[in-house]
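Peer 1: The following block contains a protein sequence and its predicted model.
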Amino acid sequence: MIRVVIFLIVVGLLAFGVTWFADRPGTVVVTWQGWRIETSLMMLGAGVVAAMVAVLVLWTLLRAILRSPFALRALFNHRRGVRAYEAISQGLIAVGSGDLAAARKHTDDARRMAPAEPLALLLSAQTAQLSGDREAADSAFRVMASRTDTKELGLHGLYVEARRRNDHVSAHAFAEEAARVNPSLGWAGRAVLEFRCLAGDWAGALALLEGSKRALDKETYKRQRAVLLTARAMAAEDTDRDNAKAFALEAAKLAPTFVPAAALAGRMLAEAGELRKATRILTKAWQANPHPELAQVFSHLRFGDAARDRLKRIEGLAKKVPGHVEGALALARAAIDAQEFGKARAALSSFVAAPTKRVALMMAELERAATNDEGRVREWIARALNAAPDPAWTAGSSVSERWLPASPEGRLDVFEWRVPLTEIAPAAAPVIEPDAAPEALPASTAAEPPGPSVALVASADKADMAAAVLPVQRPSRAAPPKGEAVIPLVHAPDDPGPEAIEDADAQEAQPQSAGWRKIFE
């Protein structure tokens, strides 16, 4: 509507101007070189306009003739760009569908028509991966890593290829370089964090976490920082207790319900005589996640207490989680130590009908201490062998005797206190021994985590239960980590693609928005 109004105003002004000149006729006389031209003002204006139009037409024709070579070259470039676009598109589709012959054909066309195009380089690398030519893929990714616009994608590809050939040193270097170039790259941050966790470099892992703080949500950042601080406190506990205590307290503040941090902080506070603060930290974690380690630390808050004093303290703790098996076990343990066998039986009475292994073993210990009835003891030991498993620090199919900040593969915060997978027999579940803790691992073992050992312990009483202990087995070395795809829609035959936790990496591997536009320039 506004445009129509403006148009009408312009037309009205032009009509007014023409009318104004028509109402005021005049004569224009031009004398030049003996020539005399006499005409009206309206005719002179019309002649000037006609001359301007003629000059404009001539200039347009001359300009078109002069620019014709450039126009032809632009036309040819456009047609070449269209063919390159089709070749790259069809090539990526062929790689995704596994058609190696078509992928090679389209790759050759793309190299010929657009050799410097980033997507042509990516197509070359993907085709090489599809054909199993690792050297060609590595070469293509190195070219991409040498360019500014494709550096991050090239480093990702080099990292994947290095892991496929088990070259952990090179993979670490590529991940470190990618994290330095762009700290927001999720895959690079996770890879560097895994390497530093494997090496026990908790200070370096914390520094890396701080650098990628903006890429994480608040809760994830606080949880990961608490885990790393707890790991650093455990590593420094024997050498620098003051700093270890500060790390543990900060971890407990960041994650109050995190059992390892609360247990470590409570124990160190108790050693320093800060019983009230230790009690507050342990109680808060116990109410959220009842755990035997918390009960153990809480029971021995005041060193030198008599068994009955510890029993009284544990009775108050167990009341905070009524009906929970961990409270019952902690109370039974304290009652047996205090020779209060009736309280121990009462605490376990709700769980003896279908006991877990720990309940059955606790009943065996109770029978030995209260009645010294070896028949009853052996009956409970036999029930323990076939009883349901208890929760343990579990990461997938690996079971650790104590909490570890990272898995043997370097993944952070994967150990959970839960019952191991039911489809795995207790005697076959890998158990990580205490001496394989991350803080005890030298840096040279970062590339090859130690293999776990497997054992089934039937009783805490080693003297009487030696017959129930199965021999320790050493499984073969774990398989190397499988490769991950550079872009999720194009997979090589042996490339299963990224895992579910790396869905966000697809955005990092996409070409820049101006990639296709550059083909037509």
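Peer 2: Looks like it arrived, so ask away.

Peer 1: What sits closest to Asn215 if chain neighbours are left out?
Peer 2: Not Asn; residue 215 is Ala. Leaving aside its sequence neighbours, Ala215 sits nearest to Ser184 (Cβ to Cβ, 6 or more residues apart in numbering; 4.8 Å). Just so you know, the C-beta spots here come from the backbone N, C-alpha and C atoms, and that holds for glycine as well.

Peer 1: same deal with Leu206?
Peer 2: Closest to Leu206 by Cβ to Cβ, 6+ apart is Leu228, at 5.0 Å.

Peer 1: Output the below-cut-off pLDDT ranges for the chain.
Peer 2: Low-confidence segments of the chain, defined by pLDDT under 70: 422-521.

Peer 1: Just give me the longest helix of it.
Peer 2: The helix that spans the most residues within the chain, counting by DSSP state H, is helix 41-97.

Peer 1: And that helix, what does it pack against?
Peer 2: helix 2-23, strand 27-32, helix 100-113, helix 118-131, helix 515-519 (3 or more Cβ pairs under 8 Å, 6 or more residues apart in numbering; DSSP states H and E).

Peer 1: can we see that at 10 Å?
Peer 2: Judged by 3 or more Cβ pairs under 10 Å, 6 or more residues apart in numbering; DSSP states H and E, helix 41-97 is in contact with helix 2-23, strand 27-32, strand 35-40, helix 100-113, helix 118-131, helix 515-519.

Peer 1: could I get those as a markdown table with mean neighbour count and distance to Leu249?
Peer 2: A markdown table is the format used below for the helices and strands packed on helix 41-97 (neighbours: other Cβ atoms under 10 Å; distance: least, Cβ to Cβ, whole Å):
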| stretch | mean neighbour count | distance to Leu249 |
| --- | --- | --- |
| helix 2-23 | 10 | 68 |
| strand 27-32 | 9 | 99 |
| strand 35-40 | 10 | 101 |
| helix 100-113 | 19 | 58 |
| helix 118-131 | 25 | 49 |
| helix 515-519 | 16 | 51 |
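
Peer 1: so can I have CSV of those showing distance to Phe76?
Peer 2: Formatted as CSV, the helices and strands packed on helix 41-97 follow (distance: least, Cβ to Cβ, whole Å):
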stretch, distance to Phe76
helix 2-23, 39
strand 27-32, 51
strand 35-40, 51
helix 100-113, 11
helix 118-131, 19
helix 515-519, 13
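
Peer 1: Which parts of the stretch 251-400 of the chain are helices?
Peer 2: 259-271, 275-288, 292-299, 307-318, 325-337, 341-348, 357-370, 374-386 (DSSP state H, counting those that start in this stretch).

Peer 1: Contacts for the fourth one, please.
Peer 2: Read it as helix 307-318. By Cβ atoms under 10 Å, 6 or more residues apart in numbering, the residues outside helix 307-318 that reach it are 279, 282-283, 286-287, 290, 294-296, 298-302, 305-306, 324, 326-340, 343-344, 347.

Peer 1: what angle sits between that helix and helix 341-348?
Peer 2: Orientation check (axes from the mean of the first three to the mean of the last three Cα atoms, to 10 degrees): helix 307-318 against helix 341-348 gives 20 degrees.

Peer 1: List every C-alpha atom in helix 307-318, with coordinates, as CSV.
Peer 2: Extracted C-alpha coordinates of helix 307-318, given in CSV (Å, rounded to 0.1, in the frame of the first residue of the first chain):
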residue,chain,number,x,y,z
ALA,A,307,32.2,-50.6,71.0
ARG,A,308,29.0,-49.6,72.8
ASP,A,309,29.6,-45.9,72.0
ARG,A,310,30.0,-46.8,68.4
LEU,A,311,26.8,-48.9,68.5
LYS,A,312,24.9,-45.9,70.0
ARG,A,313,26.2,-43.6,67.2
ILE,A,314,25.2,-46.1,64.5
GLU,A,315,21.7,-46.6,66.0
GLY,A,316,21.1,-42.9,65.4
LEU,A,317,22.4,-43.2,61.9
ALA,A,318,20.3,-46.2,61.0
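
Peer 1: Near Ala285, how many other residues are there?
Peer 2: As a burial measure, Ala285 scores 27 neighbours (other Cβ atoms under 10 Å).

Peer 1: how far does stretch 119-137 sit from the chain's center?
Peer 2: Taking the mean of its C-alpha atoms, stretch 119-137 sits 26 Å from the chain's own mean (Cα atoms, centre = their mean, to the nearest Å).

Peer 1: about what we covered before: quick one, what contacts the residue nearest to Leu206?
Peer 2: 193, 196-197, 202-209, 247, 251, 405-406, 412-413.

Peer 1: Out of those, name the ones that lie in helices.
Peer 2: Using DSSP H, the contacts of Leu228 in helices are 193, 196-197, 202-209, 247, 251.

Peer 1: Can you go through these and name the buried ones?
Peer 2: With burial judged by 16 or more other Cβ atoms under 10 Å, the buried subset of those is Leu193, Arg196, Cys197, Trp202, Gly204, Ala205, Leu206, Leu208, Leu209, Phe247, Ala251.

Peer 1: Indicate which one of the helices of the stretch 251-400 of the chain is closest to Thr394.
Peer 2: Minimum separation from Thr394 across the helices of the stretch 251-400 of the chain (Cβ to Cβ) falls at helix 259-271, 13.6 Å.

Peer 1: Count the residues that sit near His168.
Peer 2: 17.

Peer 1: what's the distance between it and Asp138?
Peer 2: Separation of His168 from Asp138 (Cβ to Cβ, to the nearest Å) stands at 16 Å.

Peer 1: Select, out of the helices and strands packed on helix 41-97, the one closest to Asp238.
Peer 2: Minimum separation from Asp238 across the helices and strands packed on helix 41-97 (Cβ to Cβ) falls at helix 118-131, 47.6 Å.

Peer 1: from the chain's centre, how far out does that closest one sit?
Peer 2: 25 Å.

Peer 1: One more: stretch 131-144?
Peer 2: Worked out by Cα atoms, centre = their mean, stretch 131-144 lies 25 Å from the chain centre.

Peer 1: What are the contacting residues of it?
Peer 2: In contact with stretch 131-144 (Cβ under 10 Å, 6+ apart) are residues 95, 100, 103-104, 107, 116, 118, 120-130, 150-162, 164-165, 174, 486, 492-494.

Peer 1: what about 7 Å?
Peer 2: By Cβ atoms under 7 Å, 6 or more residues apart in numbering, the surrounding residues in contact with stretch 131-144 are Leu100, Leu121, Ser124, Ala125, Ala128, Gln129, Thr150, Leu153, Gly154, Gly157, Leu158, Glu161.

Peer 1: Name the residues of it that are buried.
Peer 2: Buried-residue list, stretch 131-144, by 16+ other Cβ under 10 Å: Ser131, Ala137, Asp138, Ala140, Phe141, Met144.

Peer 1: Show me what whichever strand or helix holds Leu153 is packed up against.
Peer 2: Using DSSP states H and E, Leu153 sits within helix 151-164. When contacts are defined as 3 or more Cβ pairs under 7 Å, 6 or more residues apart in numbering; DSSP states H and E, helix 151-164 sits against helix 134-145, helix 168-181.

Peer 1: redo that, cut-off 10 Å
Peer 2: With contacts taken as 3+ Cβ pairs under 10 Å, 6+ apart, helix 151-164 sits against helix 118-131, helix 134-145, helix 168-181, helix 186-198, helix 505-508.

Peer 1: Would you mind giving the ones you listed as TSV with distance to Val377 added?
Peer 2: Below are the helices and strands packed on helix 151-164 laid out as TSV (distance: least, Cβ to Cβ, whole Å):
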stretch	distance to Val377
helix 118-131	62
helix 134-145	61
helix 168-181	50
helix 186-198	43
helix 505-508	56
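
Peer 1: For Asn386, find the nearest of these.
Peer 2: With Cβ to Cβ as the criterion, Asn386 lies closest to helix 186-198 of those, at 37.4 Å.

Peer 1: what angle separates that closest one from helix 168-181?
Peer 2: Helix 186-198 runs at 130 degrees relative to helix 168-181, counting by the same axes, to 10 degrees.

Peer 1: Begin at 52 from now on, thanks
Peer 2: Right, with 52 as the first residue, what we last looked at is helix 237-249.
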